[in-house]
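S.K.: only geometry, no sequence info:
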């Protein structure tokens, strides 16, 4: 199988923000022509499918300015520079939900928008949940509602689009294999 | 349940490109403080889980500059201004794979990166596939290898990270329900 690599000819940083940066690259295509790519750099993130002892999925509701609406999602958060993704996952689960987990298992990683962004999400399964007595506080610009739902309730939220993001949709399908009803 | 809306105070467009644009918004948080949001606008896209008469999944391999590697993905493409997503899906399936489908069923939509982007992907199931005699050509900066794989082969590609994006990962889990082997 051919590999259609695109060679970078020029790279220009347009914007460097707190979370994302944007650069424009001129690339050489396999046919010798050139094309322009608009590329977002993102530090990467983790997400946690956390399942309680009574087989409920831990979810958080928060306002997402990019979509100008609230979404119900699995707990997630950005990786700090140099941080191991599993450490991020343990930290974010505690900050967003107040839970610690005795079992933390890696499920899988995926790029969210490979057409324009390098964001990778690393997904973990957390079981053996216990409420932490004095949980670490989250970011001070995050306002979160905590929910715990059965797999059936989560599927209903997917149908009603309360759940409406790719990582959570994947996690609910995955949870369905673990929680057959 | 509280809704933690973020009111836009100022909105500044930093960049307007061919595919994405970037704006910075100053928002008012529920506690009266302000925060800055870095937001990407994207036209939205479709993706197609296309299954052949011998129960194989149609996949495309292409180079993704954002990740600087090739990925194997389900066929997908951006929605043109004013275009109905189903029309996009029919068009992209033909352009990327040379297939038309007698059955086109809506599966579900999801935001790919709600933390910073408004991109929505609409996922369709295509069955009753037939090769089109003179398929419409795709974008002239797209170089694509066509693959057809069993569900087992697709799962192996997820494990080896040849398949490594959220929409395809979701589609493979979904296909697993339809193709129990």
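M.R.: Okay, I see it. Here the structure is a predicted model, which means the values were calculated and not measured. Numbers count the residues shown, from 1 in each chain, chains lettered A, B, ... in the order given.
S.K.: Does the strand or helix carrying residue A:172 reach chain B?
M.R.: Residue A:172 belongs to helix A:166-178 when assigned by DSSP states H and E. Yes. Helix A:166-178 reaches chain B (C-beta under 8 Å from any C-beta of the partner chain) through A:166-167, A:169-170, A:173-174. Yep, even glycine has a C-beta here, placed from its N, CA and C like the rest.
S.K.: Switch those over to JSON lines; also include pLDDT.
M.R.: JSON lines is the format used below for the residues of helix A:166-178 next to chain B (pLDDT from 0 to 100):
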{"residue": "A:166", "pLDDT": "98"}
{"residue": "A:167", "pLDDT": "98"}
{"residue": "A:169", "pLDDT": "98"}
{"residue": "A:170", "pLDDT": "97"}
{"residue": "A:173", "pLDDT": "95"}
{"residue": "A:174", "pLDDT": "96"}
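S.K.: Just the buried residues of the residues you listed.
M.R.: Of the members of the residues of helix A:166-178 next to chain B, the ones counted as buried by neighbours, 16 or more other C-beta atoms under 10 Å in any protein chain shown, are A:166-167, A:169-170, A:173-174.
S.K.: Break down chain A into its helices, ranges please.
M.R.: For chain A, the helices defined by DSSP state H cover A:85-97, A:151-159, A:166-178.
S.K.: Now do the shortest one: which elements does it pack against?
M.R.: This points to helix A:151-159. With contacts taken as 3 or more C-beta pairs under 8 Å, 6 or more residues apart in numbering or on different chains; DSSP states H and E, helix A:151-159 sits against strand A:57-64, helix A:166-178.
S.K.: quick revisit: and of the residues of helix A:166-178 next to chain B, the nearest to residue A:25?
M.R.: Using C-beta to C-beta, residue A:166 is the member of the residues of helix A:166-178 next to chain B that lies nearest residue A:25, at 24.9 Å.
S.K.: Not counting residues beside it along the chain, what's closest to the closest one?
M.R.: Nearest residue to residue A:166, sequence neighbours excluded (C-beta to C-beta, 6 or more residues apart in numbering or on different chains): residue B:166, at 3.9 Å.
S.K.: Then residue A:35?
M.R.: Excluding its sequence neighbours, the residue lying closest to residue A:35 (C-beta to C-beta, 6+ apart) is residue B:141, at 4.1 Å.
S.K.: With residue A:131 instead?
M.R.: Excluding its sequence neighbours, the residue lying closest to residue A:131 (C-beta to C-beta, 6+ apart) is residue A:98, at 5.5 Å.
S.K.: on that earlier part again, kindly reformat the helices of chain A as a markdown table containing distance to residue A:62.
M.R.: Output for those, formatted as a markdown table (distance: least, C-beta to C-beta, whole Å):
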| stretch | distance to residue A:62 |
| --- | --- |
| helix A:85-97 | 9 |
| helix A:151-159 | 14 |
| helix A:166-178 | 12 |
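S.K.: Could you pull out the strands in chain A for me?
M.R.: For chain A, the strands defined by DSSP state E occupy A:7-16, A:21-28, A:34-41, A:45-50, A:57-64, A:69-73, A:76-78, A:99-111, A:120-131, A:145-149.
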